[in-house]
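Asks: I'd like to go over a predicted model; first the sequence, then the structure.
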There are 2 protein chains.
Amino acid sequence: MTTSKKSASPEQASLEEAYPSTVEGLVLEERLGYALRRAQLKVFRHFDDAMREHDIRPAQFSSLVVIEGYPGVTQSSLAQTLSIDPPRVVNLINSLEERGLALRVRCKRDRRSHGIFLTKTGEALVERLKGLAEQSDLEATQSLSEIERRQLLTLLRKVYASEEHGD
Amino acid sequence: MTTSKKSASPEQASLEEAYPSTVEGLVLEERLGYALRRAQLKVFRHFDDAMREHDIRPAQFSSLVVIEGYPGVTQSSLAQTLSIDPPRVVNLINSLEERGLALRVRCKRDRRSHGIFLTKTGEALVERLKGLAEQSDLEATQSLSEIERRQLLTLLRKVYASEEHGD
DNA sequence: AGCATATAGTTATAATAGGTAACTATTTTA
DNA sequence: TAAAATAGTTACCTATTATAACTATATGCT
């Protein structure tokens, strides 16, 4: 582990040789967490750009898509599906309701739970947004071929879908 | 665009057929941002578990690794390398300094900037942590073969390393 | 039936992450 | 020397993630 230890100490003021402003090729690039975060930052920035005019955040978009696919989905189910906490779902659905995109309907069978539905406005919006999101992903991954893009998605799914220890 | 529109409206109370608590196989799984977030959540949770006893957060670990590789690196250089904002670097280095892991040294040539160095304690810790991080990544990606792990890293790097639009 | 327990949603906190604006101290440049 | 740029810092704001505690309802037990 003493491979490239430079052992530069502050006392010898080794600041004379300056590093480039961005330092590359480091051990960090072998870290999965680092790579995931950097890639996610980039993809999310593109997403934000694409959604700016509609003022939609990633979590809002995901919610809209799930509700569209599963009208009447409950908040707890939505929380589990998106891996977000129940308290955040409350805020999320509140904002969608306030904007007239979705609405809660109290469930007859179990009056504790609420089914969530899209309004007509919400349905129209999500159709538009899905196209924008698709485009945004393509732009963010311009450096990948279509095959590589699919590989990446498959590998990521394989990572998050495995539930070995009660994830 | 009208492929699988279910057009369930709240009025008809379609809550009778309940969905499973976690809903799978949805359009969302084709979204790169969704897959990245889910995978990152999982990898970071493993990382947190591995680092718990040392009370080290991901950004602190990354900083330690960069400082180890580039002793005397400046705060601005660190910020760019890790894609974090200058204000956060301040807090980050403050906490590392308070814990006796790193220290700032005012640069002689440019007295505005500070070089950051690891203390002996910091050097010893980061050696230990690198092993833990490696192990944590392996655990989080147990569902991948060694080849797939390398593919994933390569693809992620390809995504974040491309700077087409001034990223 | 009554009572304990569990669940759905909500509210309230807190810590972390991410970004912006403004300020100080320096250095560079023109 | 004056103006502009840079390194770091402080202050602020929002979003994300995670708790804990509370209300209302439902379920299970005896």
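Replies: Looks like it came in fine.

Asks: Which residues of chain A lie near DNA strand C?
Replies: Within chain A, the positions adjacent to DNA strand C are A:37, A:41, A:45, A:74-77, A:79, A:86-87, A:89-90, A:93, A:104, A:110, A:112-114 by Cβ under 7 Å from any atom of the strand. All C-beta atoms are positioned from the backbone trio N, CA, C, and that covers glycine.

Asks: On the C-terminal side of the one helix or strand A:Leu64 maps to, identify the next helix or strand.
Replies: Using DSSP states H and E, A:Leu64 falls within helix A:58-69. With elements assigned by DSSP H and E, the helix or strand that comes after helix A:58-69 is strand A:73-74.

Asks: Do that following strand and DNA strand D come into contact?
Replies: No - applying Cβ under 7 Å from any atom of the strand, one finds strand A:73-74 out of contact with DNA strand D, separated by at least 12.4 Å.

Asks: how about that strand, does it reach chain B?
Replies: Yes - counting by Cβ under 8 Å from any Cβ of the partner chain, chain B has neighbours in strand A:73-74: A:Val73, A:Thr74.

Asks: Spell out which strands sit alongside that strand in the sheet and which way each one runs.
Replies: strand A:114-118 (antiparallel) (DSSP bridges).

Asks: do the partner strand and DNA strand D meet?
Replies: No - Strand A:114-118 stays clear of DNA strand D (Cβ under 7 Å from any atom of the strand), getting no nearer than 11.2 Å.

Asks: could you check the angle helix A:58-69 makes with that strand?
Replies: Orientation of strand A:114-118 against helix A:58-69 (axes from the mean of the first three to the mean of the last three Cα atoms, to 10 degrees) gives an angle of 90 degrees.

Asks: Am I right that A:Phe117 is in contact with A:Tyr70?
Replies: No - using Cβ atoms under 8 Å, A:Phe117 is not in contact with A:Tyr70; the gap is 10.0 Å.

Asks: now A:Leu156, nearest residue through space, not along the chain?
Replies: In space, and not counting its chain neighbours, A:Leu156 is closest to B:Ala35: 3.9 Å by Cβ to Cβ, 6 or more residues apart in numbering or on different chains.

Asks: What residues of the helix or strand containing the one you found count as buried?
Replies: Assigned by DSSP H and E, B:Ala35 falls within helix B:32-51. Buried residues in helix B:32-51, counted by 16 or more other Cβ atoms under 10 Å in any protein chain shown: B:32-40, B:42-44, B:46-47, B:50-51.

Asks: which residues are in contact with the helix holding A:Leu64?
Replies: Applying Cβ atoms under 8 Å, 6 or more residues apart in numbering or on different chains, the external contacts of helix A:58-69 come out as A:44, A:47-48, A:51, A:56, A:73, A:78, A:81-82, A:84, A:88-89, A:92-93, A:95-96, A:101-102, A:116-118, A:122-123, A:125-126, A:129-130, A:133, B:23, B:26-28, B:31, B:33-34, B:37.

Asks: What degree of burial does A:Arg128 show, as a neighbour count?
Replies: For A:Arg128, the neighbour count with other Cβ atoms under 10 Å in any protein chain shown is 10.

Asks: Provide the secondary structure category for it.
Replies: Under DSSP: H, G, I helix; E, B strand; the rest coil, A:Arg128 falls in the helix class.

Asks: For the residue in chain A that DNA strand D sits nearest to, which three-state class applies?
Replies: Nearest to DNA strand D in chain A, going by Cβ to the nearest atom of the strand, is A:Arg111, at a distance of 3.5 Å. Put simply, A:Arg111 is coil when judged by three-state DSSP.

Asks: Contact partners for it?
Replies: Residues in contact with A:Arg111 (Cβ under 8 Å, 6+ apart): none are found.

Asks: same check, this time on A:Phe44
Replies: Residues near A:Phe44 by Cβ under 8 Å, 6+ apart: A:Pro58, B:Gly33.

Asks: Right, I'll leave it there.
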